[in-house]
Structure formats: structure tokens, C-alpha cells
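Q: Here is a sequence with its predicted model. Questions after.
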Amino acid sequence: MKIIHQIGAKWKDIHVKELSKLGILVNRGVFSYVVLEENVYLSFKGLFNGDEFIQTVGTEYSKNDLNNANWLILDGIKETGFPQPEEDFGYLEKTYDLINYCKDCGTGNIQNSFFRIKKEPKWGSKKVFQLSWIYDELFVEIEFYNRFFKPLGLAAKPVFLHKSDKECKTVIQLDIPRIGLSLDMKDTSFADCSSCNKRKYSPQIKGFAPKYDDYSNYKIFKGSEFYGTGKQTYNRIYINQSMRKELIVEKIIKPWQLIPLES
């Protein structure tokens, strides 16, 4: 595992000087990002305190990290198009019950209708995609669903073409079960919405993700915690090690699309 810090700033002379000592070259006055190894970051992180800097943290996982995890977060599946209608986020009213929806943080919407897309996807080797803005749903080629997901007892929902209002012939939405149990999130940064008081956690993960117990009845599920920034809100999708191996064989996922949970 490798912890990576990414820092952006309008660099001053002192920053240029200190970074150059470590072999990192930036120009004064130029807003840029520098990726720093953990040991380098710790040696002079005091330079980067204050609102003038943008800092993010991420983790690069080893093959052993991924192989040894009982559960993993499915993250970074290919995005294909936007939910429709996308103008002024009109898909929200078409797809969700918004009675408890918070316009400030994006929580509280409950799907009560079908997703709509512009056109049938052009399927290549990848049989699963996500829609932009929708990070807690998977859309699957129907033939692949029938062969892979349906035998696992996972249901599906139809997807419609927006303009013609006809049901798609090649794509469905996977109906992923949701588990209403909470993780131990004490070490995860969060923000509470000032309007609805809902808590939303940072999607940045340093190290392993907080662990779930081993739910042997599931191979894939959604958690109940909200993640995101601004108005973006979603639940994480989790898969067990068995499904990870099967999706790798099917060439559906890559290592960088997975975040291992603490074992």
C-alpha cells in the first residue's frame, strides 16, 4: 500500500525553494499539483497549512492488498452518458421521489421510476457502466445480466430511451440490495448539512476502507452511509472477494477500480 498526497497551490518562493531540495520542481506563481510520497510529505507538510492550498489524499493498493480483502468497494466503473433529461437536472423529478430530497446536500431522493438514457449503448468488451452523476447504480448489458447476475438472485429494472419513451433492448439497471448497517466511521472526515442535518463522508480514503462484517448472504450490496462533496451524494457499492475474481475473469473491472476494506 502506498499513501499519496496531492497538493495544489499558487507557489511562493519559499515553497519553490523547499520543494527543490527534495527534487520536486515547480514554478513560482503557477497553480499546479504535485504528487508526494508519504515520507516526503511528512517531512515538510507544515508548509502546506492554510486555505491557500488544495490537498487531497489517496491510496495505491498492492496486489496483495486486493487479494487478501474479504470485501472491496467498487469504484470508478466506466461512465457512459448522463441520466435524462440532463438539462437543469430534470432526471431527478423523472426518476426519484423528492419529498425528502435536500437541494443543498443531495440526500433523501428515493428511486420510484426508471432511468432514461439518450440511446442504446455501443457495447464492446465492457458489459457494465455507470451514468455520470449516478455513482451508486450499475447498468448492465441484458445478455451479461442473464448469464452472470441473474443466477445470483439479483433482480433488474428496465431502462428507457428518453425521446421515444421505449424500453431499451440491450441494457438494464441492476437492482443492488442495500444493507442498513453502519460502519465504524470515526476516522473518516465528514460534513453535516446545515439544512437537513444529514451526514456525508469524504470520498477520499487513506489506507483501507472501514470494514463490514462478513455478510455471507451477499456477494454485492450497497452501504447506508452517504459519500460525496457539494450536492453530489451516493452510497458505496461493495463486492466480496469471490465476485471480484469473477468480474476480473469477465474483464469487467481493473485493479484501480477497487478499494479494499480493512480485514
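A: Structure received.
Q: where's the residue lying closest to residue 134 once chain neighbours are set aside relative to residue 112, distance?
A: With CB to CB, 6 or more residues apart in numbering as the criterion, residue 134 has its nearest non-adjacent residue at 5.9 Å, and that residue is residue 83. No exception for glycine: its C-beta is placed from N, CA and C like everyone else's. Note on residue 83: its distance to residue 112, by CB to CB, to the nearest Å, is 14 Å.
Q: Just want to know which of these two has more residues nearby.
A: Legend: neighbour count by other CB atoms under 10 Å for residue 83 and residue 112, higher for residue 83 (22 against 11).
Q: any idea how far residue 91 is from that one?
A: Where residue 91 is concerned, residue 83 sits at a distance of 4 Å (CB to CB).
Q: nearest spatial neighbour of residue 98, skipping sequence neighbours?
A: Closest residue in space to residue 98, ignoring its immediate chain neighbours: residue 109 at 5.7 Å, by CB to CB, 6+ apart.
Q: can you map out the strands along the stretch 101-250 of the chain?
A: Under the criterion DSSP state E, counting those that start in this stretch, the stretch 101-250 of the chain carries strands at the ranges 110-111, 116-117, 128-131, 134-141, 156-161, 167-174, 190-192, 199-201, 220-222, 237-240.
Q: Can you lay out those as JSON lines showing mean pLDDT and mean neighbour count?
A: Supplementary listing: the strands of the stretch 101-250 of the chain in JSON lines, determined by pLDDT from 0 to 100; neighbours: other CB atoms under 10 Å:
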{"stretch": "strand 110-111", "mean pLDDT": "96", "mean neighbour count": "12"}
{"stretch": "strand 116-117", "mean pLDDT": "97", "mean neighbour count": "21"}
{"stretch": "strand 128-131", "mean pLDDT": "96", "mean neighbour count": "20"}
{"stretch": "strand 134-141", "mean pLDDT": "96", "mean neighbour count": "21"}
{"stretch": "strand 156-161", "mean pLDDT": "97", "mean neighbour count": "17"}
{"stretch": "strand 167-174", "mean pLDDT": "97", "mean neighbour count": "18"}
{"stretch": "strand 190-192", "mean pLDDT": "93", "mean neighbour count": "12"}
{"stretch": "strand 199-201", "mean pLDDT": "93", "mean neighbour count": "18"}
{"stretch": "strand 220-222", "mean pLDDT": "93", "mean neighbour count": "19"}
{"stretch": "strand 237-240", "mean pLDDT": "94", "mean neighbour count": "22"}
